Structure formats: C-alpha cells, structure tokens
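A.B. asks: here is my input; please provide its structure:
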Amino acid sequence: MRLFAIADLHLGRPENRQALLDLPPHPEDWLIVAGDVCENVVLFEKAMALLAQKFASLFWTPGNHDLWTLPTQTDAPRGLFRYNQLVAICRRYGVHTPEDAYVRWPLSPQPLYIAPIFTLYDYSFRPPDVPLETAVSWAAETGVICNDEYLLHPDPFTTRAEWCAIRCRYTETRLAETAQRGSLILASHFPLRYDLVNLPRIPRFSLWCGAKRTEEWHVVYPVTAVVYGHLHTRGSHLRHGVPHTEVSFGYPQQWNPQRGIAGYLHEVIPIPMIHDA
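C.D. replies: Here you go, the predicted model:
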C-alpha cells in the first residue's frame, strides 16, 4: 500500500488520455490528483470514474483548468458553481475533495491526515514594488496573460482574489482543527510559496500561481509534506525541513511516452518511512 501524487494530467490532449487508459491498476494504492485534470466536465467525470477503479482511494483538488468555463459553454456553471459541480461528480465515485473530511493515512504510526486544499491565488506573488492595481498590466508588458482572466470566473464573488481569501480562511480553520489530532500532508494545485515559482521564461506568470498568505502554513501547522502542480516543473524543494514537491505530468512534450503516467507518479511517503504494520 503506497500513497502517490500527480497533477496536471491535461486530458484534453489525446496523448494524455491514452496514457491514462494505459496506466496499470494500483488496487492497493492511494492517489492524490492535484488539479488540472481537464476543461471538459464529461471527460472529467470519465477520468474520475476510471481512476477510482484503478486505485483503492482517490483524492482531488481543483486546478485552474478544471474551473474554466469555455466561451462555447454558454449554459455551463461558472466559478463556485462550477467547482461545486466537480465536487458532486467526485462524490459520486467516492473521491475525496477539499470539502470532505481529511482522511487518515493508515500506515503511519502517528495520526497523519491527507488534506486536499483549494486556495486559488490573489496576485500577491509579485515583487513588492508592483502595486496590485497594475499587476496584470505589469505581466502583460512581457506578453504574459493567463487564460484565467477570460475563462476562470469568480462568480458569485467579485474577484478571484476575494474567492482566494475566502478559501484561505476556510482552509486555515480546517487545518487548525485537524492539527489538534495529528500531522498533515497538504495537496494543493497551486504552490504555497512564492519562492517555489521558478519560471525563467515567463517569470511574471507568478501572479496566477498562489497567495503569500499560505507561505508559512507548513510551519504554522504540523505538515509532513506538501505536493502541488500548476508549474509543470517537476522537483522537490525543502522549506524548513518540509518537502514541497511539484508533481505535474504536463503536456505531451513534457513527458516521456515510454514512461507513461506510471513513471511520473510521485510517492509521497517514501517506503522506508512507512510504518510496518
């Protein structure tokens, strides 16, 4: 029994869909899917159904692509309503979401809970001399505008930053409550720290990557590990002794077909650390 994580499956790409179909079953293992499954609700549901069959337990938190409402989807729910639609789909297949009780990892000798969290972003991942009011235009100076500006709607909130603040408060309350019972594995689509956003080719894309409010969560709460996606820059980084690991699969040009999805599953708890029951 092992705990794996992956993000950014991007199943809108045919190659990625085939890679998911080719993924061997893991009937005893658990999987965290840290966002960006796809933009299409029908395909999202098929993916959740398939992954729920392949793994003993499945966890999901949304990425920005999951929350997009495309211009052709004129009658589709937007913003919070889109998110609630995806949560309902997950629950049909027994998939744990940020709205559900955190689940205890059974092989830990001490209480350890898997916490899928949804925080979004608030444009605070920017240099201190860039005002919030001009942040998006500052990014646009280098030709960088995230499609979220057109496709990720904040309904019923006024802005995505407002939605982010609400999500952060909600998450802080739940983490504090769980911290009284044990430690946490945090699973987020968005990186929790600004210093983890290393995008040399598009550095100003950082605006759409997280919120500074989350930067000390791994210190404030008893966190064992953090997994995230969004950046498509796989790697693990220690912050105050806590591993923060980017676990994205990515677009077809970013993964090796010979490895498939199985070759990119990140084992969250290395085997030597797992309690031998």
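
A.B. asks: make it CA atoms for all contacts and neighbour counts henceforth
C.D. replies: Fine.

A.B. asks: not counting its neighbours along the chain, what's nearest Arg2?
C.D. replies: Setting aside the residues directly before and after it, Arg2 is nearest to Asp29 in space (C-alpha to C-alpha, 6 or more residues apart in numbering), at 4.8 Å.

A.B. asks: ranges for the helices of the stretch 1-150 of the chain?
C.D. replies: 14-22, 41-54, 80-92, 135-140, 148-151 (DSSP state H, counting those that start in this stretch).

A.B. asks: do the same with the stretch 151-277 of the chain
C.D. replies: According to DSSP H, counting those that start in this stretch, the helices that the stretch 151-277 of the chain contains are 160-179, 217-220.

A.B. asks: same list, these, but as a markdown table with mean neighbour count, mean pLDDT and distance to Val41 please.
C.D. replies: As requested, the helices of the stretch 151-277 of the chain are arranged in a markdown table below (neighbours: other C-alpha atoms under 10 Å; pLDDT from 0 to 100; distance: least, C-alpha to C-alpha, whole Å):
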| stretch | mean neighbour count | mean pLDDT | distance to Val41 |
| --- | --- | --- | --- |
| helix 160-179 | 17 | 98 | 21 |
| helix 217-220 | 16 | 98 | 31 |
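
A.B. asks: adding distance to Leu9, write those out as TSV.
C.D. replies: Formatted as TSV, the entries for the helices of the stretch 151-277 of the chain read as follows, by distance: least, C-alpha to C-alpha, whole Å:
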stretch	distance to Leu9
helix 160-179	23
helix 217-220	26
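
A.B. asks: for the ones you listed, which one sits closest to Ser188?
C.D. replies: helix 160-179 (11.2 Å; C-alpha to C-alpha).

A.B. asks: His232: how many residues sit nearby?
C.D. replies: The burial count assigned to His232 is 17, neighbours taken as other C-alpha atoms under 10 Å.

A.B. asks: so which of the helices of the stretch 1-150 of the chain gets nearest Ala176?
C.D. replies: Among those, the nearest to Ala176 by C-alpha to C-alpha is helix 80-92 (22.7 Å).

A.B. asks: which residues touch that closest one?
C.D. replies: Judged by C-alpha atoms under 8 Å, 6 or more residues apart in numbering, the contacts made with helix 80-92 from elsewhere in the structure are 41, 45, 48, 60, 62, 67, 69, 76-77, 96-97, 99, 154-156.

A.B. asks: tell me which two of those sit farthest apart.
C.D. replies: Within the contacts of helix 80-92, Met48 and Pro156 form the most distant pair, 26.3 Å apart (C-alpha to C-alpha).

A.B. asks: which of those two has more neighbours?
C.D. replies: Neighbours were counted for Met48 and for Pro156 using other C-alpha under 10 Å; Met48 has more, 24 against 11.

A.B. asks: report the separation between that one and Ile32.
C.D. replies: As judged by C-alpha to C-alpha, to the nearest Å, Met48 and Ile32 stand 12 Å apart.

A.B. asks: and what of Arg91?
C.D. replies: Between Arg91 and Ile32 the computed distance is 15 Å (C-alpha to C-alpha).

A.B. asks: what's the burial count for Tyr221?
C.D. replies: The number of residues near Tyr221, taken as other C-alpha under 10 Å, comes to 18.

A.B. asks: list the buried residues in stretch 123-143.
C.D. replies: Buried residues in stretch 123-143, defined by neighbour count with 16 or more other C-alpha atoms under 10 Å: Tyr123, Ser124, Phe125, Arg126, Ala135, Val136, Trp138, Ala139.

A.B. asks: same list as before, those that is, but in TSV and with pLDDT and distance to Val247 included.
C.D. replies: Rendered in TSV, the data for these read as follows (pLDDT from 0 to 100; distance: C-alpha to C-alpha, whole Å):
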residue	pLDDT	distance to Val247
Tyr123	98	23
Ser124	98	23
Phe125	98	20
Arg126	97	23
Ala135	97	28
Val136	96	27
Trp138	97	29
Ala139	97	26
